[in-house]
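Peer 1: Need coordinates for the following:
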Amino acid sequence: MNFDTVIIGGGLAGLLCGIRLNQAGQRCAIVSRGQSALNFSSGSLDLLSHLPTGEPVTDTRAGLASLATLAPQHPYSLIGAEHVYRYAHEAQTLLAACGLDFYGNADAPHYRITPLGTQRLAWLSPPEVPVSPNAGLRVGVVGISGFLDFQPQLAAQALRKRGIDATATDIELPLLDTLRDNPSEFRAVNIARVLDQEANFTALCDALAPLSEQHDVLYLPACIGLTDNQVYTRLNHTLACEVRLLPTLPPSVPGMRMQTRLSQQFIRSGGTWMPGDEVIRGRIDNGVVTHLWTRKHEDIPLRARNVVLASGSFFSNGLIAGRDGVREAVFGLDVIQCADRTDWYRDDVFDAQPWQQFGVRTDASLRGQQNGETLANLYAIGSVLGGFDAIAQGCGGGVCAVTALHAAQHICTQGGTS
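Peer 2: This is a model prediction of the structure:
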């Protein structure tokens, strides 16, 4: 099977890269082994929230300029601040074209409210996610009786510490009793499958109506909107106050909706989606990847002019940690890592952990390296890259989006399709 580009990994980075390549007229395939980390995300994306020093970033341009000196191996430093800024704007436009409208912009991060009622810097947030409320706002944090993945009391308490007039309550929804009988089934995704049904809207609205008369805004767990935002929109039109949604413990309804929208757009734009499969090995001749074999196609190799590695980090098994070090799972690419295992971690679990910055080493074009040699047609993007700490620096979503578009740009610049 011949393609212009084969992408290994169907998460945020792989999908954005594939959609952009499809737009350029490429014949593109994505090999996706299963659920990506996107399914477990909050639905918000971060670009750069903190510098490696721990200093918060309030001006993105200034933060990117400082990052070039503080973290020269960071993907943003390799790409260049101006390119990062441009790709961030392009990413938001691309996401909107996929039906994913966000609040926020690349100029400066905003604060979103977390499920625990705390604040976290973000680049883009779904419009239903609450941002920092005004001190005089009356907030009702609403849980669902028996639903343990969201604790309204904790969120309300944290909001009150910040001077917000917040109260917590649970609503009873008998229509969820079948799920409630089995705690392992009483999860956000399964609840959404029930509450998204047209027949159940009135029951949900009736349970929230009295609370909406007493508050300026209601914060609900994100247990609606698995495929679209129709229920959320109707609630805001029907109730006496606004409704906002807080993501719950994974799997995440907003994250799954994003995964679905992007994969659907990739297919609609002409891409070949190969779910439930994984690349198990590749052949490299004279610094060029020539063949790929997958678990389902061991006898028929995939051939492509370019290959994009978007296999994710440790969570997705794109990186494998062993006693002798960390390795990249498919090609054995060079990995940025500490040679001594005692340097992998810090004793304080709340410190930034060095292993978070382990990942594939690339050149400025994001082409991967093997034994110090840059491979001509293999690009690495997203979480599999090294040189950054997605958690401590608050840049995971941004790295995925920016590197995806950077690699796509280089591939398109080469010109030609098969």
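Peer 1: domain parsing for the protein?
Peer 2: Residue ranges for the domains of the chain, per automatic domain parsing: 2-108+256-414, 130-246.
Peer 1: most packed of these?
Peer 2: Comparing the domains of the chain by mean neighbour count (mean count of other Cβ atoms under 10 Å), domain 2-108+256-414 ranks first with a mean of 20. Every residue, glycine included, has its C-beta placed from N, CA and C.
Peer 1: mean confidence for that one?
Peer 2: For domain 2-108+256-414, mean pLDDT rounds to 95.
Peer 1: show me where the stretch 1-150 of the chain has strands.
Peer 2: 2-8, 28-32, 110-113, 119-122, 138-144 (DSSP state E, counting those that start in this stretch).
Peer 1: Which elements pack onto the third one?
Peer 2: Put plainly, it is strand 110-113. On a contact count with 3 or more Cβ pairs under 8 Å, 6 or more residues apart in numbering; DSSP states H and E, strand 110-113 meets strand 119-122.
Peer 1: What mean pLDDT does the strand it packs on get?
Peer 2: On average, strand 119-122 scores 94.
Peer 1: just checking, what packs against that strand?
Peer 2: Partner elements for strand 119-122 (3+ Cβ pairs under 8 Å, 6+ apart): strand 110-113.
Peer 1: Which residues outside the strand it packs on are in contact with it?
Peer 2: Outside strand 110-113, the residues that touch it by Cβ atoms under 8 Å, 6 or more residues apart in numbering are 44, 103-104, 119-122, 125, 129-133, 155, 159, 219, 244, 246.
Peer 1: and with 7 Å instead?
Peer 2: 44, 104, 119-122, 125, 129-132, 246 (Cβ atoms under 7 Å, 6 or more residues apart in numbering).
Peer 1: Next: stretch 187-194.
Peer 2: Against stretch 187-194 from outside (Cβ under 7 Å, 6+ apart): 147, 149, 175-176, 179, 200, 221-226, 248, 251, 253, 256.
Peer 1: Just the CA atoms of stretch 254-261, as CSV, please.
Peer 2: Below are the C-alpha coordinates for stretch 254-261, written out as CSV (Å, rounded to 0.1, in the frame of the first residue of the first chain):
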residue,chain,number,x,y,z
PRO,A,254,-14.8,16.8,26.2
GLY,A,255,-11.6,14.9,25.3
MET,A,256,-13.5,12.1,23.6
ARG,A,257,-15.6,14.6,21.6
MET,A,258,-12.4,16.3,20.4
GLN,A,259,-11.0,12.9,19.4
THR,A,260,-14.1,12.0,17.5
ARG,A,261,-14.4,15.4,15.7
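Peer 1: any idea how far Ala209 is from Thr238?
Peer 2: 8 Å (Cβ to Cβ, to the nearest Å).
Peer 1: And Arg187, by the same measure?
Peer 2: Arg187 is 26 Å from Thr238, by Cβ to Cβ.
Peer 1: That concludes my questions; thank you for your assistance.
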